[in-house]
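[1] What follows is a predicted structure for the sequence shown.
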Amino acid sequence: MTTAANTVAQKKGFGATLWDWLTTVDHKKIGILYLIGGGFFFVLGGIEALMIRLQLLVPNNDFVSAGFFNELITMHGTTMIFLAAMPLLFGFMNAIVPLQIGARDVAFPFINSLGFWMFFFGGLFLNLSWFIDAAPDAGWTSYASLSLASTGHGIDFYAIGLQIAGGGTLMAGINFLVTIINMRAPGMTYMRMPLFTWTTFVASALILFAFPPLTVGLFFLTFDRMFGGNFFDVDYGGNTIIWEHIFWIFGHPEVYILVLPSFGIFSEIFTIFSRKRLFGYSAMVFATVLIGFLGFMVWAHHMFTVGLGPTANAIFAVATMAIAVPTGVKIFNWLLTMWGGSIRVTTPMLYALGFIPSFVMGGVTGVQQGAAPLDYQLHDSYFIVAHFHYVIVGGVVLAILAATHLYWPKMFGTMLSEKLGKVTFWFFFIGFHMTFFLQHFLGLMGMPRRVWTYNADQGWDLFNMISSAGALLMAIGVIVMVINIIMTTAKNERVGNDPWEDGRTLEWAIPSPPPFYNFAQTPLVRGLDTYWIEKQDGNKKGYIPAEPLSDIHMPHGSFIPFVMSLGLFIAGFGAMFRVEHSWGLPVLIAGLVLTFLSMSLRSVKDDLGFYVTKEEILRTERGSK
Amino acid sequence: MDLNTKFTPKSWPDHPETATMEAKNKFVGFWLFLGGETILFATLFATYLALRNSVPSGNDFSTQTLFELPLVFVMTMLLLTSSLTSVYAMYHMKNYNFKAMQVWLAITGFLGLGFLGFEVYEFHHYISLGFTYGNSAFSSAFYTLVGTHGLHVAIGLVWLSLLILRNARRGLNLYNATKYYTFSLYWHFIDVVWVFIFTVVYLMGVVG
């Protein structure tokens, strides 16, 4: 029985363990898989960043060639956005959101697993470009006039790899939406949901509406490059601006897909470590929804210099600046959450405190660029590079690092060292500002972005050198964190339900890590900050059960998601090499057949799940006490 | 959920498609999926509208010279009727009349197949005239929009066949009722998209 393997703590062989991870549909394990996959690509993207900064360390450097530099910046951006930041956030969403709403699993455990494996194989496909042929070199935005002219298969790797990974993201988005709509515990009304759940909800809605345009855009690119299409080829009546529109209709919401869950994580941190409920909860929810909505109205601010005309530019400029209002609401609410609270400066709180000024700076430069006339000056300069790194690193990466420390005990049952955590923070935080603060001024001095090298004595030398040194500090911070993780895992000191002692939401009411069925009995939710309310009322159990203890229905594991994703991965190679190799077309067809056959198998084979018996739950619950 | 539970038309729930937790999830999830699909087709429509008059100089293909409304009218009628027959099928599903449901779904499938046959003929005809996929930006946008719809029809037909065959021997239960119902949602969606294609591509192309 699969149930016995999951509940009884017995030693398993390597093969059995591997099989368990390849077939798991448990949201907590998939969360860990996302962390591993995203963490791997984060390190990869970091190494690419270090090589970029090494090249720009001194003027007229030839550490890497110009062509290789283009590949580095393209892959750094693509990897960090699609394969590091998003999967890492998905990791925490998967691990935490079902617990926060009192659910036993996500709505679609099978699709959850499929989403992960598609991300993984898509990322693998994209990165194999380093070893086969060439890496993509048209920038992470891959503007059509550049990408159609790019020789070799680099852009093909980009289009197909992102297509596969993007499909996985779309599935994850739908899964979270349905989970949050349908799986909330009794009493968990929308306006009692923790902020991390709310931001996950809105970010998932953005995924649902932003990823289909990317899918279409990537198909256009694929058809133009590999199947004789002419969407962007001006000689045949095509129009390269269409790519820019489609890409940014996806690309701008993508920023909010990343940053909204980060806001959610920081909201949790501020409340926990200020020992206060969130100030202005309903305003926070409204601001989240409003940011999500406005996020779709501003894509053309990436295209001010294209020449859409003063009317279009003015409308998009105003819409862009409007987003600063709900964002400002959020910043003030966080500040007022801390006001009068009894603050504990733990590692996650340190990140949250560092986040506010960093992200505000990124926001302010964003509004500056939103002014279309000024944007003509700033466009394609290092000012832009500085701005979006302040937003993405100052907002998203700080949130991911904070969440790693905050949720590590919940996911793995042991606490990361606070001392090493703070060392990581200071190295990373100082390194981050050293790297990117001066890039604002490099931009204002006229240094264009994406340049391979620059001449000496233009006043750029010192700032570039300091910037590169900062990158090194960030790398040291990340290395300290890896050491921290290894040491913590080796020590393996187990912690209880609520290791931060001031947990407020339901995930802290159950063991760390939770049993595979999460809640022995579905909890009853009596208000915002459910667990905090129960603690105040002296409830030792941590939550009020909404049902008697009875058998629990759980889904079966499945290997099909892995095979379906593998099929797409194989088909990708077939599509790419179709023109120059005769094996291309058969491989393309074989891959698609593999995917659709396994999908059909899933469809015709009944999977009704299984029941965990009451006795088994009682045994597990006693064991974990 | 027990597949062996025997229902009668009286004990069969009013809304079998949302009778269990899994069914509710599937139901909401599928609606959301269709929301994403709407955006996907919206992007394709926008691109088509931007490129429908974009051909290189010396290229004579245009919406006026190419499209013939009688053929498209027949296709439209086939697909619209298939939507109607799928409604009949769902009516019988809700009344726990398995045989009638299967028959109406089979009719739906044949109508869809007829539509697809005409589309293949239409594409083949255009290609024989020299209007290939790579002919112009117009041709790429046309084939991608209409072809994506055709692909959806084809996938729907495979899905329908699997449903009909897989459940032929065992009849309706609360596990497959949702599957039938989501299929009918999908089929209506495809139909609605075709109404827009008929209007935007063909009617506006020939008349507008």
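    It's in. Residues are numbered from 1 along each chain as shown, chains lettered A, B, ... in the order given.
[2] The residue lying closest to residue A:82 once chain neighbours are set aside: neighbouring residues, count only.
    In space, and not counting its chain neighbours, residue A:82 is closest to residue A:165: 5.7 Å by Cβ to Cβ, 6 or more residues apart in numbering or on different chains. To be clear about C-beta, it is placed using only N, CA and C from the backbone, and glycine gets the same treatment. Neighbouring residues of residue A:165 were enumerated by other Cβ atoms under 10 Å in any protein chain shown; the total is 25.
[3] can you give me the end-to-end distance of stretch A:131-148?
    For stretch A:131-148, the first-to-last residue distance is 21 Å (Cα to Cα, to the nearest Å).
[4] and stretch A:442-453, how far out from the chain's middle?
    Its chain's C-alpha centre and that of stretch A:442-453 lie 28 Å apart, by Cα atoms, centre = their mean, to the nearest Å.
[5] got the CA coordinates for the helix or strand encompassing residue A:71 in CSV?
    Take DSSP states H and E as the rule and residue A:71 turns out to sit in helix A:66-78. The C-alpha atoms that make up helix A:66-78 are tabulated as CSV, following Å, rounded to 0.1, in the frame of the first residue of the first chain:
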residue,chain,number,x,y,z
ALA,A,66,31.1,40.2,-27.5
GLY,A,67,28.9,37.4,-28.8
PHE,A,68,29.3,35.4,-25.6
PHE,A,69,28.4,38.5,-23.6
ASN,A,70,25.1,38.8,-25.5
GLU,A,71,24.4,35.1,-24.6
LEU,A,72,25.3,35.8,-21.0
ILE,A,73,22.9,38.8,-20.6
THR,A,74,20.1,37.0,-22.4
MET,A,75,20.4,33.8,-20.3
HIS,A,76,20.9,35.8,-17.1
GLY,A,77,17.6,37.6,-17.5
THR,A,78,15.6,34.7,-18.9
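[6] Please pull up the helix or strand immediately following that helix.
    Moving toward the C-terminus from helix A:66-78, the next helix or strand (DSSP H and E) is helix A:86-100.
[7] Can that following helix be said to contact chain B?
    No. With Cβ under 8 Å from any Cβ of the partner chain as the measure, helix A:86-100 is seen stopping short of chain B, the closest distance being 12.9 Å.
[8] re earlier: for the helix holding residue A:71, which helices and strands make contact with it?
    Applying 3 or more Cβ pairs under 8 Å, 6 or more residues apart in numbering or on different chains; DSSP states H and E, one finds that helix A:66-78 contacts helix A:27-55, helix A:109-127, helix A:154-182.
[9] please redo it, this time with the cut-off set to 10 Å
    Applying 3 or more Cβ pairs under 10 Å, 6 or more residues apart in numbering or on different chains; DSSP states H and E, we find helix A:66-78 packed against helix A:27-55, helix A:109-127, helix A:144-147, helix A:154-182.
[10] who wins for proximity to residue A:543 among these?
    Closest approach to residue A:543 among the helices and strands packed on helix A:66-78 is made by helix A:27-55 (18.0 Å; Cβ to Cβ).
[11] got a list of contacts for the helix or strand bottoming out on mean pLDDT in chain B?
    Counting by mean pLDDT, DSSP states H and E, chain B has its least confident helix or strand at helix B:63-66, which shows a mean of 90. Helix B:63-66 has contacts (Cβ atoms under 10 Å, 6 or more residues apart in numbering or on different chains) with B:52-53, B:60, B:122, B:125-126, B:129, B:131, B:138-139, B:142, B:201-202, B:204-208.
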